[in-house]
Every structure is written in structure tokens, then in C-alpha cells.
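Colleague: next comes the sequence, and after it the predicted model I'd like to discuss.
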Amino acid sequence: MAEVIIVPSAEAAGSLVADEIVSLIAAQPNAVLGLATGSTPLPVYRALSERRDEMDLSKVSGFALDEYVGLPASHPESYRSVITREVVEPLGLNPEFVHVPNGALESISHAGDDYEAAIADAGGIDLQILGIGTDGHIGFNEPGSSFASRTRVKTLTEQTRRDNARFFDSEDDVPMHCITQGLGTIQRARHIVLLAFGAGKARAVAGAVEGPLTASLPGSSLQLHVRATVIVDEAAAAELRNADYYRHAYANKPSWQGL
């Protein structure tokens, strides 16, 4: 099962994950990071930007989880723009090494296969950062997604479009389709770190960590991963039945194990 770490705040989680990424890059200068967007991973990116002088990032590459279909890359809410604004520029990454699925309509029929090939050519993802939606989706893998799925086009649920409307002028402006890494693609990352903050994520976190394996809650696929770490604040941990054990296990974790 996933390791669950309960922290006092999103900032504490960001610092913890930043420590792991700094150590990864020190040991592996050409590390490949899986980059999530949205508000959840921002504490990680802020903590990393404060420590960029500790790292040589010249060989680090990254792969975004997803992109909207049909939204121009220049649009401020395209994930190409978001990744550039929130990750590439603050960290000083080489933009040529940071990849985002191609949501352009003219090439969408083969964009999934192209992205899978690019990940494979890079040697696979070393550490994948994830958030989780209120309905349990990870990436844009909505409920019902196959655990074996690869990068492909998905139709967004109305709930996801409502959740993402805060980034647009209205819900009607949120695209209906996306291209996303599949659950099977995410499973191939060597280390997965899922973050969740706030009471609104508590039910999804409990289902993903302690509920049954089910395509109805895509986050539950993390239970199958050999090295998955779930980091949550107290509010997001509120519905975990085994929260006391998770605290005990983390308090007594050998220091040499890292994250």
C-alpha cells in the first residue's frame, strides 16, 4: 500500500517533497520529473524555487500530466503556459527539456502515442507529482478510466469542469476534452508522490488509500504501485481510518529511507 504522511500544512508538504527532489537531482543530474498543474503542487514548486541554487538543473527534464484539447498553447490557462509560468521560469529549467502533451486539433489523433514515445525516449519518469480531484481522478483520468490506460484523449466530467472554472472566466470556457497521461502511464513512474490538502479532498483520499481498487475512483490505482507516497494535511486526512497508524509509522521511519 502507499505510504501516507500527514503534515500540518501545505507548506510543510512542499518542503518535504522539495527535499526529496533535491536529493534525487544530486544523485541523478538528468532526473525526469512528472509535473502536475493546478493549485495543489504549487507549494512544491515554491519550495524548489527557493532552493534552486542548491541544484544543477541544466539536465533535468519534465513531463506534464495533461493538456486541454483545442486550447491554444499561448492561452494563459493552457498547461503549457501554466508549466512555463509556475515551473520552468521560477526554477530556471531548460524549456526544451520540459514536455506537455500536444492538444492541437490537427495532430490530436496521434498525440497520445507521440507523448508515450517521448517519455520512453527520456528513460521514463523518476518522480511523478500528483494531485487528486474531488471525484478521485488523477491527471485527467476521470472515473471509469482503465488502470492500463495510456496517454489519450478524455472527455471531462461536469464536476471537473466546475472545479476548473475558477481558472477561466466561466465554466463554459473550460474545454470539454483533454489529453492526459493514462493510469498505466502514471504507474510506470518509479516514484509517485500524491498531494492533497483541505477537507474537500478527504473523501477522495480515503477512497484512494483505504478503499477498494476500482476504476470508479482512479486514485485507488496507487495501491498497486511499488513506491507511492501520499502526503496530506490534517483536513484531507480526516476520513482516514488508519490515520493514527500512519502517524506512528512516519514518526518511527528510519532516516535512511528518505521519502
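Modeller: Sure thing, it's come through.
Colleague: now do the closest residue to Arg150 other than its chain neighbours against Ile129, distance only.
Modeller: Beyond its immediate neighbours in the sequence, the residue positioned closest to Arg150 (Cβ to Cβ, 6 or more residues apart in numbering) is Gly182, lying 4.3 Å away. Where C-beta positions appear, they are placed from N, C-alpha and C, glycine not excepted. Separation of Gly182 from Ile129 (Cβ to Cβ, to the nearest Å): 17 Å.
Colleague: and Arg227, by the same measure?
Modeller: Counting by Cβ to Cβ - Arg227 and Ile129 are separated by 14 Å.
Colleague: now swap in Ser15 and tell me
Modeller: From Ser15 across to Ile129, the span is 14 Å (Cβ to Cβ).
Colleague: about what we covered before: which of Arg227 and Ile129 has more residues huddled nearby?
Modeller: The neighbour count for Arg227 versus Ile129, taken as other Cβ atoms under 10 Å, is higher for Ile129 (25 against 13).
Colleague: which is the next helix or strand following the host helix or strand of that one?
Modeller: For Ile129, the host element (DSSP states H and E) is strand 127-130. Downstream of strand 127-130, the first helix or strand assigned by DSSP H and E is strand 152-155.
Colleague: name every strand pairing with that following strand and say which way it goes.
Modeller: Sheet pairing for strand 152-155, assigned by DSSP bridges, gives strand 177-180 (antiparallel).
Colleague: how about residues contacting the helix or strand immediately after the strand it pairs with in the chain?
Modeller: Downstream of strand 177-180, the first helix or strand assigned by DSSP H and E is helix 183-187. With Cβ atoms under 8 Å, 6 or more residues apart in numbering as the test, helix 183-187 has contacts from 34, 65, 116, 119, 128, 130, 138-139, 141, 145-151, 192, 218, 221, 224-225.
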